[in-house]
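Enquirer: Here is a sequence together with a model predicted from it:
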Amino acid sequence: MIAASYIFIVLFVSVMLEVMAGSSGVIIPLSALAVFYFSMVYGWRFGLFLGFISGLAVDMLYGRDIPVSALSFAAVSGVTVFWLLKGETKDFYLHVVPGILTAAIAVTPVLLLHSEEIAVSGFANFAFLFLFSVTAGAFCLPFLIIFLDMLSEWLGMELYRSARENIGERM
Amino acid sequence: MLSRQNFILLAGFAILFIVFSFAIVRNFTKRVVSDFYHPFFSSVEAVSDKAASESLFLRGKGELADQVLKLQKENDIMSAKMSVLNNLKRENIELRELVGVGKVPFFNCLTSEIVRRDPVRWYEKLVINRGSADGVSEGSIVISKILRKDVGGAAFAVVGRIKSVSLHESVVSTILSDDCSLSVMVSGRRAHGIAGSGRKTGRTFTVGIKYLPKDVGYSSGEFVYTSGLSGLTPSSLLIGKLAGGGEGRVVSVKDNLYAEAGMEAAVNFDNLHFVLVLVPEK
């Protein structure tokens, strides 16, 4: 029950912060990064579900007609599988790589779907949104992992840094 | 326990099912999510508004007293104008009843703040903090205050139309969006057309007008207003002015049936923060 409340609050806040940042004209894919974190800790199947729900919330808050973020955030759990098999969970700097991948997977479908609308404001805006979100993903993920691991440790829950030790359960 | 392949298949089918059936539940989901988040977003707005209003305390008493006096004078002038307009409105209704012409719809203005904007559709969609609880309905016109250089004062121009409504919030499709179509009239020629869908070109926003009569001479700079043909849209609201096309031509004739023109929007979509929603009077 504590885990469910914890996940809900983290995703709720990340969706809210992402939408608030979005209202300033930038994409910081915080909820996709949180989905990546929880997928690593609780398994990709759970991440699929969380990604869909948080993506749907983002789409609805922006008033989008097609819930493309719901699908792209769900696809973030694919990065989890890759990172569990090939990556590392204890190196701080190496988490720039899944940060970039997560942000790219979360943002590219939305940008492509709305490429015609983005053209209204010019191609430079398209490139800016993509590059900013990828950079934000690369920068934010390592800090998010440290922060959420601290919270999880305090609450006595499973940790990200020990995700690879229980790889059998997560695959 | 499901095997991984079965799980992927099941998840794939579930996602496809949700995507294809989404159109049915979309409005419901939008309403639920935006109303759920509304108190949290509005509390953030309330804090920033409070901080802004607190800055008034930094001003001197003399300065504030001067402002109050100035506003009182403006208020008196506005009240006088309003009373004249109310008399005219009453007279208009009575005359229309005498002649047997239907009532002209009158509109109330609701001030509202833009609370969210989608970064990928920055100029096309806005979320405002007024919803069905405030009387907003789908299709209502949204306007904004602008500075008219030709008149040298403030005026109001059309931003777009309400696309969907939840209890406390509404999504606005701007005139640059494909979702928003408006019946318009070119002022000098009294030619009617349909405006909607546009793009940003340099610093200006250009909106297309279709289905204009082809046998009329148009000139660039002519003002474009709402025609008021729909019951949800008041007439004579400024939208923009005709923009000059290539080779000095303002319009291009399509299939020898109708003319198309570009219009420079009066509203600057870069600087929008507060808007007004026109709600039909009951």
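Expert: Nice, thanks for sending it over. Numbers count the residues shown, from 1 in each chain, chains lettered A, B, ... in the order given.
Enquirer: How about the residues of chain A by chain B?
Expert: A:15-16, A:19-20, A:22-23, A:25-27, A:45, A:48, A:52, A:56-57, A:60-67, A:70-71, A:74, A:110-111, A:114, A:117-122, A:125, A:129, A:171 (CB under 8 Å from any CB of the partner chain). The C-beta positions use only the backbone N, C-alpha and C, and glycine is treated the same way.
Enquirer: repeat that for 7 Å
Expert: By CB under 7 Å from any CB of the partner chain, the residues of chain A that approach chain B are A:16, A:19, A:22-23, A:25-27, A:45, A:48, A:56-57, A:60-65, A:67, A:71, A:74, A:110-111, A:114, A:117-122, A:129.
Enquirer: quick one: buried residues of stretch B:194-202?
Expert: B:194-200 (16 or more other CB atoms under 10 Å in any protein chain shown).
Enquirer: want to throw the residues you listed into TSV with secondary structure, distance to B:Lys50 and pLDDT?
Expert: Putting the buried residues of stretch B:194-202 into TSV (DSSP: H, G, I helix; E, B strand; the rest coil; distance: CB to CB, whole Å; pLDDT from 0 to 100) gives the following:
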residue	secondary structure	distance to B:Lys50	pLDDT
B:Ile194	strand	44	89
B:Ala195	strand	39	88
B:Gly196	strand	39	81
B:Ser197	strand	39	82
B:Gly198	strand	37	83
B:Arg199	strand	38	81
B:Lys200	strand	34	80
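Enquirer: so what does the lengthiest helix in chain A touch, helix or strand wise?
Expert: Scanning chain A for the helix with the most residues, using DSSP state H, yields helix A:123-155. For helix A:123-155, the elements it packs on are helix A:2-22, helix A:30-42, helix A:96-113, helix A:115-118, judged by 3 or more CB pairs under 7 Å, 6 or more residues apart in numbering or on different chains; DSSP states H and E.
Enquirer: Dump the ones you listed to a markdown table, plus mean pLDDT and mean neighbour count.
Expert: Shown next, in a markdown table, are those (pLDDT from 0 to 100; neighbours: other CB atoms under 10 Å in any protein chain shown):
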| stretch | mean pLDDT | mean neighbour count |
| --- | --- | --- |
| helix A:2-22 | 91 | 17 |
| helix A:30-42 | 91 | 29 |
| helix A:96-113 | 90 | 22 |
| helix A:115-118 | 71 | 17 |
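Enquirer: Can you show me the strands along the stretch 101-250 of chain B?
Expert: Using DSSP state E, counting those that start in this stretch, the strands of the stretch 101-250 of chain B run over residues B:107-117, B:125-128, B:141-148, B:153-165, B:170-174, B:182-186, B:191-201, B:204-212, B:223-226, B:238-242.
Enquirer: Point out the most buried one among the ones you listed.
Expert: Ranked by mean neighbour count, the strands of the stretch 101-250 of chain B are led by strand B:170-174 with a mean of 27 (mean count of other CB atoms under 10 Å in any protein chain shown).
Enquirer: what separates the most centrally placed residue in chain A from chain B, distance-wise?
Expert: In chain A, the centroid-proximal residue (CA atoms, centre = their mean) is A:Ala32; its distance is 1.5 Å. Applying CB to the nearest CB, to the nearest Å, the value for A:Ala32 to chain B is 14 Å.
Enquirer: give the contact list for whichever residue of the stretch 151-282 of chain B sits closest to chain A.
Expert: For the stretch 151-282 of chain B and chain A, the shortest gap (CB to the nearest CB) falls at B:Val171, measuring 3.6 Å. Applying CB atoms under 7 Å, 6 or more residues apart in numbering or on different chains, one finds that B:Val171 lies in contact with A:63, B:125, B:127, B:163-164.
Enquirer: partners of B:Lys125 in the sheet?
Expert: B:Lys125 has these beta-bridge partners by DSSP bridges: B:Ser173.
Enquirer: Give me the neighbour count for B:Ser3.
Expert: B:Ser3 has 8 neighbours, counted by other CB atoms under 10 Å in any protein chain shown.
Enquirer: Any quick ChimeraX command for the buried ones out of the residues of chain A next to chain B?
Expert: Those of these that count as buried under 16+ other CB under 10 Å are selected in ChimeraX with:
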select /A:16,19,22,23,27,45,48,56,57,60,61,62,63,64,67,71,74,110,111,114,117,118,120,121,129
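Enquirer: Domain boundaries for chain B, per the record?
Expert: Following automatic domain parsing, chain B resolves into domains at B:4-55, B:105-282.
Enquirer: right, so of those, which gets closest to A:Pro142?
Expert: Closest of those to A:Pro142 is domain B:105-282, at 23.6 Å (criterion: CB to CB).
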